[in-house]
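# Test case, fold it:
(3 chains)
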Amino acid sequence: MNSNNFNVIGKGVVRVDGLAKVTGKCKYLDDITLPGMLYSKILRSPHAHAKILRIDVSQAEKIPGVRAIITEKDIPNIKFSFNQNLADKLALCKDKVRYVGDEVAAIAADSLEIAEFALDKIQVEYEVLEAVYDPEEAVKSDCPVLLHDEKENNIAFEFHNEYGNVKEGFEQSDYIFEDQFITSRPAHCCLELRGCIAYFDDFERLCVWTPAQSAHTLKKELSIIMGLDENDIHVINTLAGGSFGSRLVMDMKEPIAAWLSKKTGRPVKIVNTREEEFATAKHRYPWVIKLKTGVTKEGKILARHINIILDNGAYCDKGSNTISYSYIFFTSLYNVPNMKNDAYLVYTNKAMSTAFRGFGNPQIHFSVESQNDLIAKKLQMDPIEFRLKNIVRNGDITCSGIRISNCGLEDCIKTAAEKISWKSKKSKSGLEYRKICGNKRKGIGIAIMIHSGAGTRYYGYNSTETFIKVSKTGLVNVITPVPEIGQGSMTVVAQIVAEVLGITVDDINIQNQDTDIIPYDLGAFGSRTTFICGNAAKLAAEDTKKELIKVAAKYFDTEENNIVFENGIVYSINNSDKKIKFKELTKYSYEKLGYPIAGRGKYYDEVATKIGLIGNYELASPENSYGCQIVELEVDLETGEVRVINVVAVVDSGKTINPITASGQIEGSVIQGLGYALTEHVIYGPKGEILNPNFMDYKILRSTDIPSMEVYFVEAGSLLGPFGAKGVGELGLVPTAAAVANALYDATGLKFTKLPITREEVLKKCGVLS
Amino acid sequence: MSKYYPIKINVNNNIYELKVKANETLTDVLRNKLHLTATKKSCGTGDCGSCTILIDGLAVCSCLVLAVTLKGKEITTLEGLNRNGKLHPIQKAFLEQGAVQCGFCTPGMIMSVMGLLGKIKDRIPTEEEIKETIKGNLCRCTGYKKIIEAVKSIF
Amino acid sequence: MKEFEYLKPESFDQLQNLITRYENAGIKFFAGGTDLIVQLKQNANFNFKYLIDLEKLNLNYIECYKNYLKIGALTTLSNIENNTFLKENFPIFTSTTSKMASIQIRNKATIGGNLCNAAPSADLAPPLLVLDAKLKILSKEKEKVVSIEEFFLGPGRTILSSSEILKEIILNIPRDEWTAVYIKSMRTSEDIATVGVAVKLSKDKDKNEYNDIKIALGAVAPTPIRIYKAEKFFLENYRKQDKQSVVEEIAEIAANESKPIDDVRASADFRKVIVKKYISRSILLALQKLSD
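Below you'll find the predicted structure:
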């Protein structure tokens, strides 16, 4: 791998979808109107838990402009969940509703106004049941509330796994630490509201337009819940206005729109309101974590046992995957010989949760990294020193069998420490910095992280393909399944292809939207698109290049291995005076040789088929990315206000394909991480209703809230990734909450174990509030 | 029977004669009647700024404007920015500085900046002023840093 | 949004005719719309038949006279924020409005709207309370002037009947040396006040003594309130005790006078703690400003 002589790789090229975005010409789902389109509204349960006694749509049907109304009677009785083994959700509730917002009926009408008006006219009679909101109550065997009658209790899924022997590990330890951590329920807050348009095309195939993170998976999910053949479904992936994991799993809107379209013969659009979005577009799983760690007095971690209760909400989504995925990283950040995980996914009468940037890893890291600082303090070790004593390094094999390679973790730590002047700020001689100033305290805290840099294999399929067709006039069409959710994946693919073909991204056209055209791929999650789709794109570009080399060899009448592609020009090294432009070469190929140019790249991950949902963690992730964050902050002990001053984030994501988009991803996810740490949570009222379903009271950070941020990349490289690249999309968010908690611990000596760390939490810990 | 009001509005120097109900917001009129979809709908309550446009040069959330009140006013949306196919310096800066990720907040963000440019004429704004200018525009992707740098870069 | 009819009178006479004609059917007055439209969207019970737009009545002005100042009810928060006279002579207006919402909202929202919406957390209320503002109300054909202290009745309720409008806010320009501050407790940099505190402190230059203090709180009672007890305590005791203990006792009085509730933004207990802290800080700040 030629690390420093790249033309396009490693450059901050302007993103290929940028022009359309700054001019406002690009279309998101709700910008699209199809001829004859109807508008739909969903009737949702106002109760957290209730029997449905009767639904009467007769008054609503009479409203002029109402074209169809559906309830569970009109659809197949097929339950669904992302993990179909745990299928528990009907698209429209039958018999029971299980959270405020649960879908009960849907209307399609000539206008949104008519649909809204008619929705009010649907009469539903409920028998309200007792509800349970606290997962620690719901998990009990004697809990009086049972959400799903076919189950014995409210445990949707359990996970138990041990590597080594934690009991022995604890016995050998000099110190045992047991701490409880409670994480919160943040919402994704994508600016683009969730929605879709569905219709049946001329061939009676269902066509759904939506900004899915995994268009092919959506096809499968629709086929399951609608009882349709997957071949009769076709998804058009529209541009996403943010996703962060919220668009990975089918929403009931998609089949509902499809059934309404079937009934009316017209396209049907459904889009959430912002209030619906907060209530029903799913959240991050809240965890209650009990973490027990045993260490020697020299600071070696011998054993860790994590016990987790996840608040599943009313129906299953990605919870079981969140548990098993994050367990991989629980076992592979530090060299701990004995590790155990007991996790319970528990039903409650609240909204569902789903994947959210970091996918369980932020919760794992919050507990582990916060506790590490408590341990370091007890052992009178510097937090960095304690970590360096225990982190994984290249060549290590974790207790879960993961062989560590291409690991730049130590570099990340050392770089972060140097950039923020950790030593001087942390040491006693840094008193000036850590001034005790009346009611304010300053603190500095560190957290490190590991995350997948190439998705995970445990869905059993981790391959993908890319096709390239080059036009006569030199336009390189790249047919790739890479979803663009704002992270710049289209640009990364374009840069990879451009580098191989010696052209610029201006001559590349990315086609990534139609499941009838794009190769099968599992989508944007686990920070995998750069690695998986990038690899396939590189292979396709190399295949295309072989064809072009053949043509050029003919043109220059020379050996194929003399041909060079550079800066849009092609020449032979034994006669570099004679040059031809890339676009002229393609023209020559079509017009003079009659030879069309195309290429195919297949990234085939054979290992993936050997893994299931549970087990074989040593094979789980082809490549991992690492990072370190240090946070400086100031806390006012009289008012509880926390002001974050500076964040230094150092990331090992291998070769940085585009430093601007990559640093943008880190900066954005750090700010999301600070929100997760300090201000964001969905607040439930006593009847299971959300009290803050709006941006006035669900506080996400604004431009006037941000600290200064420095982002650095340590390029430890990946032998397997395209040009050595690994994933970067989630890395900024995973350690942030822990770094904030550790900075507050440094500032105050108080342990902050509950997220978000609001002003009231600070005052409670200070003893000012009870 | 719904009552409709005839209005004549000036959007991006084009005059449109429309009939609107009193409760129609400017966001809906722009998007649904004039098919100017750059202005986005995201919260509907003036909290996110995705629907920001200029009315007589002042940045305003169009979701809180009733179209029927707009007689005699000049409305500017993102579509009004690049006439003659040339990008405004702020659009170029957003591209070059990486201030765009998913792009959904971008139209509102740019229009808020246009409001600032109209206010300050030739003066260079402070970083505080820039942050305050876009305080009303939520972005979930960028963390705002590159947006602020993009605005700084055009002076 | 429910449907309604829209009217835009071009004079006070026209306004009066419309009020007389339609008040029984249900009317609402429209200023900036930033509160009203949100309520229309979110509150199913908020409806009326006629919306009367006051824009053409020329109530968007800031007029300075020798001894007093008049602000039209439809003056936007941006106009208040950027007004040169206010910046120099009543900087509390600039500092208060710059903490309200966002520029987009301030370009439309009005001082009259903020007062008439009567949220307990209305940011302009505590400053106007400590400035002893007078409010000119147009009632049928008559105008009457009331003290702002009488204006608020409860959350979302004022003394205005459905056919009265707030026309103007009148402020005396103080003769003594004075300063006024408003500080606001928020969850993030843009927020509704969890607690709002305004203090106005006056000093008699010749006698070199504080001759008046006014203290007001927002967001901690059903309406914005003046804390007369605390004001009296200050004037009676600031000469007898050291600054710190006077301020602490005032803070305690103010906390006791406040009646905050638990809501999604904060608990009542938290608000009481913040009242104490913010009262101390605002009085100390005012003292510091006047001694500079």
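
# Give me the helices and strands touching the helix of greatest length in chain A, please.
Taking DSSP state H as the assignment, the helix of chain A that covers the most residues is helix A:529-556. Applying 3 or more Cβ pairs under 8 Å, 6 or more residues apart in numbering or on different chains; DSSP states H and E, one finds that helix A:529-556 makes contact with strand A:464-470, strand A:476-479, helix A:489-501, strand A:563-566, strand A:569-572, strand A:575-581, helix A:582-587, strand A:597-603. In this view, the C-beta of every residue, glycine as well, is placed from N, C-alpha and C.

# For it, list every residue counted as buried.
Of the residues in helix A:529-556, those scored as buried under the neighbour-count criterion (16 or more other Cβ atoms under 10 Å in any protein chain shown) are A:529-541, A:543-545, A:547-553, A:555-556.

# Equivalent analysis for stretch B:32-52, please.
Residues of stretch B:32-52 classed as buried: B:34, B:36-52 (neighbour count, 16+ other Cβ under 10 Å).

# how about the CA coordinates for stretch B:79-94, as CSV?
Provided in CSV are the C-alpha atoms of stretch B:79-94 (Å, rounded to 0.1, in the frame of the first residue of the first chain):
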residue,chain,number,x,y,z
GLU,B,79,-33.9,29.0,-4.4
GLY,B,80,-33.6,32.7,-4.8
LEU,B,81,-29.9,32.7,-4.0
ASN,B,82,-28.2,31.4,-7.0
ARG,B,83,-29.6,33.0,-10.0
ASN,B,84,-27.7,32.8,-13.3
GLY,B,85,-26.3,29.5,-12.1
LYS,B,86,-23.6,31.1,-9.9
LEU,B,87,-23.2,30.0,-6.3
HIS,B,88,-23.4,32.6,-3.6
PRO,B,89,-20.1,32.8,-1.6
ILE,B,90,-21.8,31.3,1.4
GLN,B,91,-22.9,28.3,-0.6
LYS,B,92,-19.4,27.8,-1.9
ALA,B,93,-18.0,28.1,1.6
PHE,B,94,-20.4,25.5,2.9
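
# Neighbours of residue 77, how many?
By default, I'm working from chain A. 10 (other Cβ atoms under 10 Å in any protein chain shown).

# ah, no, chain B please
Neighbour count for residue B:77, taken as other Cβ under 10 Å: 24.

# is it true that it touches residue B:39?
Yes: under the contact definition of Cβ atoms under 8 Å, residue B:77 touches residue B:39, with a separation of 5.3 Å.

# Which of the buried residues of stretch B:32-52 fall in strands?
For the buried residues of stretch B:32-52, the ones inside strands are residue B:52, with DSSP state E as the criterion.

# what does the domain assignment say about the chain?
Answering for chain A, as no chain was given. When chain A is parsed into structural domains using automatic domain parsing, the resulting residue ranges are A:18-26+A:463-604, A:32-129+A:191-242+A:247-280, A:287-456+A:612-766.

# The chain in question should be chain C.
Structural domains of chain C, as assigned by automatic domain parsing, span the residue ranges C:5-56, C:57-172, C:177-291.

# Chain B now?
Looking at automatic domain parsing, the domains of chain B come to B:4-78, B:83-153.

# Quick one: the helices in chain B, in order.
B:26-28, B:89-97, B:106-120, B:127-133, B:145-153.

# quick one: residue A:330 and residue A:343 touch, right?
No: look at residue A:330 against residue A:343 with Cβ under 8 Å: they stay out of range, at 10.2 Å.

# Now the common contact residues for these two.
Shared between the contact lists of residue A:330 and residue A:343 (criterion: Cβ atoms under 8 Å, 6 or more residues apart in numbering or on different chains) are residues residue A:306.

# which one of the two has more residues nearby?
The neighbour count for residue A:330 versus residue A:343, taken as other Cβ under 10 Å, is higher for residue A:330 (28 against 25).

# The more buried one and chain B, how far apart?
Plainly put, residue A:330 is 27 Å away from chain B if you go by Cβ to the nearest Cβ, to the nearest Å.

# neighbours around the closest residue in space to that residue that isn't next to it in sequence, how many?
Using Cβ to Cβ, 6 or more residues apart in numbering or on different chains and skipping the chain neighbours, the partner closest in space to residue A:330 is residue A:364 (5.0 Å). Neighbours of residue A:364 under the rule other Cβ under 10 Å: 32.

# Just the pLDDT for residue A:364.
Residue-level confidence at residue A:364 comes out at 97, pLDDT.

# To residue C:144, which of the domains of chain A lies closest?
For the domains of chain A, distance to residue C:144 was read as Cβ to Cβ. The smallest value, 34.6 Å, belongs to domain A:287-456+A:612-766.

# could you check the distance from the residue lying closest to residue A:690 once chain neighbours are set aside over to residue A:352?
Leaving out its chain neighbours, the residue that sits closest to residue A:690 by Cβ to Cβ, 6+ apart is residue A:279, at 5.2 Å. The spacing between residue A:279 and residue A:352, counted by Cβ to Cβ, to the nearest Å, is 11 Å.

# Also residue A:684?
The spacing between residue A:684 and residue A:352, counted by Cβ to Cβ, is 14 Å.
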